[in-house]
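>>> Next come a sequence and a model predicted from it.
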Amino acid sequence: MTTDLEIWLIGDPATIDRACRALAGTGTIAQTGHPTAMGGTDRRVRRYLRIHPPMSTKPAPPAHRSADTESDLLNGSDQ
């Protein structure tokens, strides 16, 4: 049984980036997809995230990630 949470985000690129940063604080980002244009005249993008949420209900201490590591994850470099 998998405990990962799969999420598709659809919106403008800046909103997607903010959502990715917020979701990164909820658990470990296990996989990210690259932003993909919706197509046609729709200027939005979609992006896939797979998050491994913590098994504990206690709030986790803040993760200390370097800016480079977080940027790499959010840019799909972890694949």
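All right, it came through fine.

>>> what does the model give residue 22 for pLDDT?
At residue 22 the predicted local confidence, pLDDT, stands at 88.

>>> Run a quick neighbour tally on it.
Burial measure for residue 22: 9 neighbouring residues, criterion other CB atoms under 10 Å. Placement of C-beta: from N, CA and C, glycine included.

>>> Tell me the first helix or strand C-terminal of the helix or strand hosting it.
Here residue 22, judged by DSSP states H and E, is contained in helix 13-24. Scanning the chain past helix 13-24 towards its C-terminal end, the next helix or strand to appear is strand 28-32 (assignment: DSSP H and E).

>>> Buried by neighbour count: which residues of that following strand qualify?
Taking 16 or more other CB atoms under 10 Å as the neighbour-count basis, strand 28-32 is seen to contain the buried residues 29, 32.

>>> Need the contact partners of the longest strand belonging to the chain.
Scanning the chain for the longest strand, with DSSP state E as the assignment, gives strand 42-52. Strand 42-52 is touched from outside by 3-13, 16, 20, 23, 26-38, with contacts defined as CB atoms under 8 Å, 6 or more residues apart in numbering.

>>> could you flag which of those are buried?
Buried members of these, counted by 16+ other CB under 10 Å: 9, 16, 20, 23, 27, 29, 32, 35.

>>> and the closest residue to the last one other than its chain neighbours, how many neighbours?
Nearest non-adjacent residue to residue 35, counting by CB to CB, 6 or more residues apart in numbering: residue 45, 4.2 Å away. Applying the criterion other CB under 10 Å, we find 17 residues in the vicinity of residue 45.

>>> go on, residue 25?
Around residue 25 sit 10 other residues, with neighbours defined as other CB under 10 Å.
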